[in-house]
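Visitor: Just a sequence and a predicted model for now, questions to come.
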Amino acid sequence: MRMPSPALQRDEAQRPRALGRSGLLDTSPGPDYDDIVRLAAESCGAPIALISLVDRDRNRFKAHVGLQGVGETERCSSFCTQAVEREGIFLVDDVLADERFSTHPLVQGEPGIRFFAGVRIQTEEGFTVGSLCVLDRRPRSLTESQLRGLIGLKRQVELLFRLRAQVRQLKERNVELEQSQERMRSLNTYLQAEMRERQRIERQLLEQQSLLSSILAHIPHSVFWKDRNNTFQGCNPQFARDMGLDSPEDVIGRTDFEMAVPDEHAETYRRDDSEVMETGIPKLAFEEPLYRRGAEPSWILTSKVPLRDADGKVQGVVGIYADISERRRQETVLQEAKRVIERHAAHLEEQVREAHERTRQLLEKSGEAVFVLDAAGSVLEVNPVAERLLGVSQARLMGSAFETLAPEDEREPLRQALEALRARGTVCLEEQGLRSASGGRVVLGIAASLQVTGETRRLLIVGTDLTEKRRLEQQSIQNDRLASMGALAAGIAHEINNPTSYVLSNLSWLQEWRNELEQTLATVPGLPSSLGVSLAEVKEVLAECLVGGGRIRDIVRDMRFFSHTAGEELAPVDIHACLDVVLRMAHNELKHSARVEKQYADVLPPVPASEGRLNQVFLNLIVNATHAMRSGGPERNVLQVLTALEGERVRIDISDTGHGIPPEVLSRIFEPFFTTKPAGTGTGLGLSISLSILQKMGGDMRVKSEPGRGTTFSIFLPVNGREPGDDAAR
């Protein structure tokens, strides 16, 4: 896109201000402008003509013909904006062929503009403020005569703008003249009032002079004034009495050295007076001693200010003082009392500091979680135990409402307990959950009390961590349940094993007998066809019975292993080789469900384990992952197998991209006989047996799952094995 010339760039920077000064935007359309746009339309043979004014972001129409319902357009996409940025006439013979305007609303919709011609309009100062434009609904061009006519009409618009501006300036000058005349009338009125005010002030000065003389005569303070030679020019009666003289007239013409004042103090008075007169700065409210004839020295509070004439020149000094001897005596007593109080306060502060230090040490060394709340229940302070349990620093807890630290479903009971604490003074909660920074639930036994010191009320919350206790209780319950299930499994397996063996044996014999019978009957002619159908049905029934019996035998075997405490002998096992074998075994299951990605560690030491049992664990997890990815196929699902060496343990991750495990189910997946599969498709022992196998090898298994995203089972096996008899904690 062609950039405007430097002159146009300057014009664009100052044009909005020139448009504002012209007043064109503030006036309504007039017949003069309407006549010009009609004449432009007629001379150019165009149905649409307009005068536009280009503001900062809008293109406003001053007058137009043939364009109904449109008073302005966006500047960024308007035809007129292009016209004002160019010298001469801006022509677009066919706007549909011009990518700048082909998508313009006035082109795509009503009135369907196809032709545009415009010339910019300038003010007398040379600033471009708008354009005169003609538009048509068909592609076309303009003749030389029409172009000259359009330029001539543009000059008429500029002339009309200048005439309107001159008329506006004349009106403004008339207004200024009227305002000047009004100011002159106001000035005359003001001068008359000023003269009256001056006469009033003179009367007031006389009254104030009389009042001042009365005040000086009756004021309880001593007042005096001196000239620039430090000679007294007057005083009030009180000052004369202080100096042991009969009247103020006896003071006039004297200096401090002639007033029975010791020379050193007279010199101090003279120096203070000279400082005030030389600098012109008052010296206010300073204390000094006063020596009077035949009297003990006393203390006075003195202020001295410069005495100025009508021109502001300093002619002397005025002083005033009050006897503060009694006040000084009282201040001395108060100072002594203050020192006693300060010593007592310092002692109390030391006691408070020691108490605070003891409290701080108790908070830091306490084995319980401690929270100090204000009366509203917001956290003011916590001890390190509370920070550790919640995993949040004191700085982040400061100001938080204590009830918001609890999970959503436990906040209301906690809020009610705090209300009871404010009313009764103490409250206990046997079990209260708080939310840790990691999102876990921390269980506390809470004892709370209301602490009142003067007007200050604090809530002291002491919490005993019950999380580990509850975990151990649940672990104990789970261990008891597993022991019971193991004993039950051992009994059931023993009772079922023998009848299952001879049922399977008899079924195998019957199947062999049926096969022999079928072969024998095949040589006998004339047998009915229904007999062959029956034999085929018997074959299917026996096969189904054998499959069912085999499933019963597998379940009994798994139950016997689950209840069996002794394991197979452990030997060094290559984890990668085991995984490869199991993946080959599960290939038929996997190939229709997911693609396999292996991320094996470069170096992985052998692990002491039972290779057969370890293969059983791997196969169980891989088959479960395959079942979780039944929908989608290999193009969407991935089975990832990862191995790594973490310290003294080998880690194996088996991850799927299946449907995931809901949180409410995740905590129960290792329970015996718990399954989410439909009835008849699972025993619920697979994960329990797998975990039992790993624990007997000194290992462990963990699971992470996100519904809709997939599941990861992580297996941990020690590189150095385990001691016989060790119990692996789950």
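Guide: Ah, there it is.
Visitor: need the helices for the stretch 201-350 of the chain, in chain order.
Guide: For the stretch 201-350 of the chain, the helices defined by DSSP state H, counting those that start in this stretch occupy 237-242, 263-279, 325-365.
Visitor: same thing with the stretch 401-550 of the chain?
Guide: According to DSSP H, counting those that start in this stretch, the helices that the stretch 401-550 of the chain contains are 411-424, 467-521, 529-563.
Visitor: for the longest one, what is the average pLDDT?
Guide: Looking back up the chat, that one is helix 467-521. Averaged across helix 467-521, pLDDT comes to 70.
Visitor: hang on, the earlier thing: out of the helices of the stretch 201-350 of the chain, nearest to residue 714?
Guide: helix 325-365 (37.9 Å; C-beta to C-beta). C-betas here are computed from N, CA, C, even on glycine.
Visitor: any idea which helix or strand comes after that closest one?
Guide: strand 369-374 (DSSP states H and E).
Visitor: what pairs with the following helix or strand past that next one, and is each one parallel or antiparallel?
Guide: Using DSSP H and E, the helix or strand that follows strand 369-374 in sequence is strand 379-382. Here strand 379-382 is paired, per DSSP bridges, with strand 369-374 (antiparallel).
Visitor: what is the mean pLDDT for the strand it pairs with?
Guide: Strand 369-374 comes out at a mean pLDDT of 90.
Visitor: try stretch 542-552
Guide: Stretch 542-552 carries an average pLDDT of 77.
Visitor: now that stretch: how far from the chain's centre is it?
Guide: In terms of C-alpha atoms, centre = their mean, to the nearest Å, the centre of stretch 542-552 is found 65 Å from the chain centre.
Visitor: could I have it exported to CSV, CA atoms only?
Guide: Taking C-alpha atoms only, stretch 542-552 is exported to CSV below (Å, rounded to 0.1, in the frame of the first residue of the first chain):
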residue,chain,number,x,y,z
LEU,A,542,-18.2,-81.7,27.0
ALA,A,543,-15.9,-79.0,25.6
GLU,A,544,-17.8,-76.3,27.5
CYS,A,545,-17.7,-78.4,30.7
LEU,A,546,-13.9,-78.9,30.3
VAL,A,547,-13.5,-75.1,29.8
GLY,A,548,-15.6,-74.3,32.9
GLY,A,549,-13.8,-77.0,34.9
GLY,A,550,-10.4,-75.5,33.8
ARG,A,551,-11.6,-72.1,34.9
ILE,A,552,-12.5,-73.5,38.3
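Visitor: picking up where we left off before, quick one: closest of the helices of the stretch 201-350 of the chain to residue 145.
Guide: helix 263-279 (87.8 Å).
Visitor: From the contact counts, what lies against that closest one?
Guide: Applying 3 or more C-beta pairs under 8 Å, 6 or more residues apart in numbering; DSSP states H and E, we find helix 263-279 packed against strand 283-290, strand 298-308, strand 314-323.
Visitor: and of these, who's closest to residue 354?
Guide: Distance to residue 354, taken as C-beta to C-beta, is lowest for strand 283-290 among these, at 41.3 Å.
Visitor: strand partners of that closest one, parallel vs antiparallel please.
Guide: Strand 283-290 is paired, per DSSP bridges, with strand 298-308 (antiparallel).
Visitor: Tell me what angle the strand it pairs with forms with strand 314-323.
Guide: With axes from the mean of the first three to the mean of the last three C-alpha atoms, to 10 degrees defining the directions, strand 298-308 sits at 160 degrees from strand 314-323.
Visitor: and strand 298-308 with helix 263-279, angle?
Guide: Using the same axes, to 10 degrees: strand 298-308 against helix 263-279 is 30 degrees.
Visitor: Check what contacts strand 298-308 and list those residues.
Guide: 222, 225, 272-273, 276-277, 280-290, 292, 314-325, 328 (C-beta atoms under 8 Å, 6 or more residues apart in numbering).
Visitor: Give the buried residues for that strand.
Guide: For strand 298-308, a neighbour-count test (16 or more other C-beta atoms under 10 Å) marks 299, 300, 301, 302, 303, 304, 305, 306, 307 as buried.
Visitor: OK, contacts around the closest residue to the fourth one other than its chain neighbours?
Guide: Same thing as residue 302. Leaving aside its chain neighbours, residue 302 sits nearest to residue 321 (4.1 Å; criterion: C-beta to C-beta, 6 or more residues apart in numbering). Remark: with contacts taken as C-beta under 8 Å, 6+ apart, residue 321 is in contact with 221, 222, 290, 300, 301, 302, 303.
Visitor: mind giving me JSON lines with those residues and columns for pLDDT?
Guide: Shown next, in JSON lines, are the contacts of residue 321 (pLDDT from 0 to 100):
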{"residue": "221", "pLDDT": "85"}
{"residue": "222", "pLDDT": "89"}
{"residue": "290", "pLDDT": "83"}
{"residue": "300", "pLDDT": "85"}
{"residue": "301", "pLDDT": "86"}
{"residue": "302", "pLDDT": "90"}
{"residue": "303", "pLDDT": "90"}
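Visitor: Most widely separated two among those?
Guide: Across the contacts of residue 321, the longest distance by C-beta to C-beta is 13.9 Å; it joins 290 and 303.
Visitor: from the chain's centre, how far out does the helix or strand encompassing residue 652 sit?
Guide: Element membership for residue 652, per DSSP H and E: strand 649-656. Chain-centre distance of strand 649-656: 38 Å, with C-alpha atoms, centre = their mean.
Visitor: How about stretch 382-394?
Guide: Distance, centroid of stretch 382-394 to centroid of chain: 23 Å (C-alpha atoms, centre = their mean).
Visitor: okay, the contacts of residue 321 in a markdown table with distance to residue 656 next?
Guide: Formatted as a markdown table, the contacts of residue 321 follow (distance: C-beta to C-beta, whole Å):
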| residue | distance to residue 656 |
| --- | --- |
| 221 | 100 |
| 222 | 104 |
| 290 | 103 |
| 300 | 99 |
| 301 | 94 |
| 302 | 97 |
| 303 | 94 |
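Visitor: Just name the closest of these to residue 401, please.
Guide: Nearest to residue 401, judged by C-beta to C-beta, of the contacts of residue 321 is residue 301 at 56.0 Å.
Visitor: Not counting sequence-adjacent ones, nearest residue to the closest one?
Guide: Nearest to residue 301 is residue 324, by C-beta to C-beta, 6+ apart, at 4.8 Å.
Visitor: Looks to me like residue 134 is in a strand.
Guide: Yes: according to DSSP: H, G, I helix; E, B strand; the rest coil, residue 134 belongs to a strand.
Visitor: For it, grab the count of nearby residues.
Guide: Residue 134 is flanked by 27 other residues according to other C-beta atoms under 10 Å.
Visitor: what residues are up against it?
Guide: Neighbour list for residue 134: 40, 41, 44, 46, 48, 49, 116, 117, 118, 142, 150 [criterion: C-beta under 8 Å, 6+ apart].
Visitor: if I read this right, the last one contacts residue 40, doesn't it?
Guide: Yes: the criterion here is C-beta atoms under 8 Å, and residue 150 meets it with residue 40 at 6.3 Å.
Visitor: who's more crowded, these two?
Guide: residue 40 (29 against 22).
Visitor: And the pLDDT for residue 226?
Guide: 91.
Visitor: ok, it to residue 142 distance?
Guide: According to C-beta to C-beta, to the nearest Å, residue 226 stands 97 Å off from residue 142.
Visitor: again, but for residue 249
Guide: Distance from residue 249 to residue 142, by C-beta to C-beta: 107 Å.
Visitor: and if you look at residue 692?
Guide: Counting by C-beta to C-beta, the gap from residue 692 to residue 142 is 97 Å.
Visitor: hmm, back to that, now, among the contacts of residue 321, which is nearest to residue 574?
Guide: Checking the contacts of residue 321 against residue 574 by C-beta to C-beta gives residue 301 as the nearest, at 103.0 Å.
Visitor: before we move on, back to that, so what's the residue count around the residue nearest to residue 301?
Guide: 16.
Visitor: I figured it was touching residue 287, is that so?
Guide: Yes: counting by C-beta under 8 Å, residue 287 is a contact partner of residue 324 at 6.9 Å.
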